[in-house]
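Okay, predicted coordinates and the sequence, questions at the end:
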Amino acid sequence: MIKMRRTLFYILFICLFITHIDAKTRKAVFIIVDGVPADQLERLKPTAIFDIASTGAYARAYTGGEVGSYTETPTISAPGYTNLITATWAYKHNVRGNSDLKPNYNYWNPFRIAKEQNRNYKTAIFSSWEDNRTVLVGEGKDETNNLHIDYIKDGYDNDTVRFPKQKNDLQIFKIDELVSKEAANCIRNEAPDLSWVYLWYTDDAGHIYGNSDYFDEYVIKADRQVGRIWEAVKYREANFDEEWMIVVTTDHGRTDNGYGHGGQSERERTTWVSTNIEVNDYFNSKHLAIIDIAPSIYRYMGFSIPEAVKCEQDGISFVGKTDIFNLVSKTDLDNNSVTLSWDFFTKDIPVEIYVSTTNNFKEGRNDEWIKIASTRSDKKVYTIDLNALPSSSIYKFVLKSPNTHLNRWVIK
């Protein structure tokens, strides 16, 4: 019996050792190419972006929240970036324009989540707009727990000596060129665990010339910049014991003439996602949104996320298993009740329903979550009597399944 136990122990040890040595180090990089509408991208089919998708997937997505609801968010650049990095809409992250920015840092971004892990993850930001790091991510601020970014290549937008203003703002394109080269070089040689690359000029090209050959030309040039980074990722995978997730997206679409954005027209709201990673059914469900990118990176990287943070994320993962999605609510004022409904991918999975009647999280404090029901994924609907809950002007509902958190607010 003792011999048998020792043999089993050695077999288990060897299996664990083999699993450990076979496991590759995972790393992730996400790239925002500013203001490129999906129909333009699909017409041009830029080489690098679609080569990335050829090993994974491409789909249209959306930004701007839910039209006419508390989640509606302007289809403007800084709100778009913040949608992505916080996995929330503006009613939480508090960024509604490109100036006078006052983000709510209680909604954690990927860099803070990476730094809160038990392992020492190295992070990087390569950006043509310095505010992405200093304001939106909040590096070094008390509110972000003095977040530190390990590799930084930005601030060129403030260097008017090296990059003086040119016709058609082409100094921004030159900055994008430098940023993409710096990103590719750092990934090739330093391989940060989590990187954000931001490329700006395509948005300027649209603002200046609208739908035009000029705009098309600079989308293709931006794709070459993406290609530099993609080549660096492929180099790392070919020469090191690493596997990488790359996600390329845009922050918003454009008006029909291509000049503007900010509203809630279909073209302004329609974005896209290209990734090299195998995706789940949610990716092609027509519900894919910019807020789903960060949760997908967390799932891929195996990040542990505090439950309170997870309960506030509006996005869900398109990587790995996703059980339920598309949570909506209908309030019956006459009966003082709320009916929640959802769709599912996995049948007969347990779903727990929680409610909080406070929004302390917004202020950096804890909410009390009350479990009010247990149901199954394929039930698809549950009605809650608000009379049985503490009276409040806000009811925050969270549905939890084994692989998914969904949240929905009811505001009186």
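The structure has been received and is ready for your questions.

I'd say K221 and F173 touch.
Yes - in terms of Cβ atoms under 8 Å, K221 counts as a neighbour of F173; the distance is 7.2 Å. No exception for glycine: its C-beta is placed from N, CA and C like everyone else's.

quick one: which of those two has more around it?
F173 (23 against 17; other Cβ atoms under 10 Å).

For the more buried one, list the residues it contacts.
Contact partners of F173, counting by Cβ atoms under 8 Å, 6 or more residues apart in numbering, are 201, 204, 218, 221.

tell me the secondary structure for it?
Classification of F173 by DSSP: H, G, I helix; E, B strand; the rest coil places it in helix.

same check, this time on W342
With three-state DSSP as the basis, W342 sits in strand.

Need the per-residue pLDDT for it.
W342 is assigned a predicted lDDT (pLDDT) of 98.

Contact partners for it?
For W342, the contact set (Cβ under 8 Å, 6+ apart) comprises 324-328, 377, 380-381, 399, 406.

distance of it from W244?
33 Å (Cβ to Cβ, to the nearest Å).

cool, Y259 as well?
Separation of Y259 from W244 (Cβ to Cβ): 36 Å.

swap in D157?
As judged by Cβ to Cβ, D157 and W244 stand 28 Å apart.

Looking at the two, which one has more neighbours?
W244 (23 against 17).

can you pull up the bridge partners for that one?
When assigned by DSSP bridges, W244 has beta-bridge partners K27.

so what's it up against?
Counted by Cβ under 8 Å, 6+ apart, W244 has contacts 26-29, 233, 236-237, 276.

And I246, by the same measure?
When contacts are counted by Cβ under 8 Å, 6+ apart, I246 touches 28-31, 52, 229-230, 233, 275-276.

Looking at neighbours, which among the residues you listed is most surrounded?
The most neighbours of any of those, using other Cβ under 10 Å, belong to I229, which has 28 neighbours.

My guess is it contacts R188. True?
No - if you go by Cβ under 8 Å, I229 and R188 don't touch, sitting 9.4 Å apart.

sorry, back to before: nearest to S317, of the contacts of W342?
F325 (10.3 Å; Cβ to Cβ).

mind checking how far the helix or strand where the closest one lies is from the chain centre?
For F325, the element it lies in under DSSP states H and E is strand 324-332. Centroid displacement of strand 324-332 relative to its chain, using Cα atoms, centre = their mean, to the nearest Å, is 22 Å.

by contact count, what packs against that strand?
If you count contacts as 3 or more Cβ pairs under 8 Å, 6 or more residues apart in numbering; DSSP states H and E, strand 324-332 packs onto strand 337-344, strand 394-401, strand 404-411.

Take those and write them to CSV, including distance to I370.
Putting the helices and strands packed on strand 324-332 into CSV (distance: least, Cβ to Cβ, whole Å) gives the following:
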stretch, distance to I370
strand 337-344, 14
strand 394-401, 10
strand 404-411, 14
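
re earlier: what I need now is the contacts of W244 written out in a markdown table, including pLDDT and distance to D142 for each item.
Output for the contacts of W244, formatted as a markdown table (pLDDT from 0 to 100; distance: Cβ to Cβ, whole Å):
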| residue | pLDDT | distance to D142 |
| --- | --- | --- |
| R26 | 98 | 31 |
| K27 | 98 | 29 |
| A28 | 98 | 27 |
| V29 | 98 | 28 |
| V233 | 98 | 34 |
| R236 | 98 | 35 |
| E237 | 98 | 38 |
| N276 | 98 | 37 |
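
nearest to V135, of these?
Nearest to V135 among the contacts of W244, counting by Cβ to Cβ, is V29 at 21.3 Å.

does the closest one sit in a helix, a strand or a coil?
Following three-state DSSP, V29 is assigned to strand.

For the nearest residue to it once chain neighbours are set aside, list each beta-bridge partner.
The spatially closest residue to V29, leaving aside those adjacent along the chain, is S195, at 4.2 Å (Cβ to Cβ, 6 or more residues apart in numbering). Counting by DSSP bridges, S195 is bridged to V29, A124.

Spit out the contact partners of S195.
By Cβ under 8 Å, 6+ apart, the residues touching S195 are 28-30, 123-126, 151, 183, 186-187.

Any figure for the gap between it and T255?
Between S195 and T255 the computed distance is 31 Å (Cβ to Cβ).

can you check W244 too?
For W244, the distance to T255 - Cβ to Cβ - is 35 Å.

just I372 next, same as before
Relative to T255, I372 is positioned 44 Å away (Cβ to Cβ).

Check A78 too.
18 Å.

what's the helix or strand that A48 is a member of in contact with?
Applying DSSP H and E as the criterion places A48 in helix 47-54. Helix 47-54 is contacted from outside by 33, 41, 58, 223-224, 226-227, 230, 246, 248, 274-276, using Cβ under 8 Å, 6+ apart.

mind listing which of those are in strands?
If you go by DSSP state E, the contacts of helix 47-54 have 33, 58, 246, 248, 274-275 in strands.

Now tabulate those residues in JSON lines and tack on pLDDT and distance to N106.
What follows is those, written out as JSON lines (pLDDT from 0 to 100; distance: Cβ to Cβ, whole Å):
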{"residue": "V33", "pLDDT": "98", "distance to N106": "29"}
{"residue": "Y58", "pLDDT": "98", "distance to N106": "33"}
{"residue": "I246", "pLDDT": "98", "distance to N106": "29"}
{"residue": "V248", "pLDDT": "99", "distance to N106": "28"}
{"residue": "S274", "pLDDT": "98", "distance to N106": "31"}
{"residue": "T275", "pLDDT": "98", "distance to N106": "28"}
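
Can I get these in CSV including distance to S212?
Formatted as CSV, those follow (distance: Cβ to Cβ, whole Å):
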residue, distance to S212
V33, 17
Y58, 24
I246, 29
V248, 22
S274, 23
T275, 29
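
between these, which is closest to S296?
Distance to S296, by Cβ to Cβ, is smallest for T275 among these, at 7.9 Å.

Fine, thanks again, bye for now.
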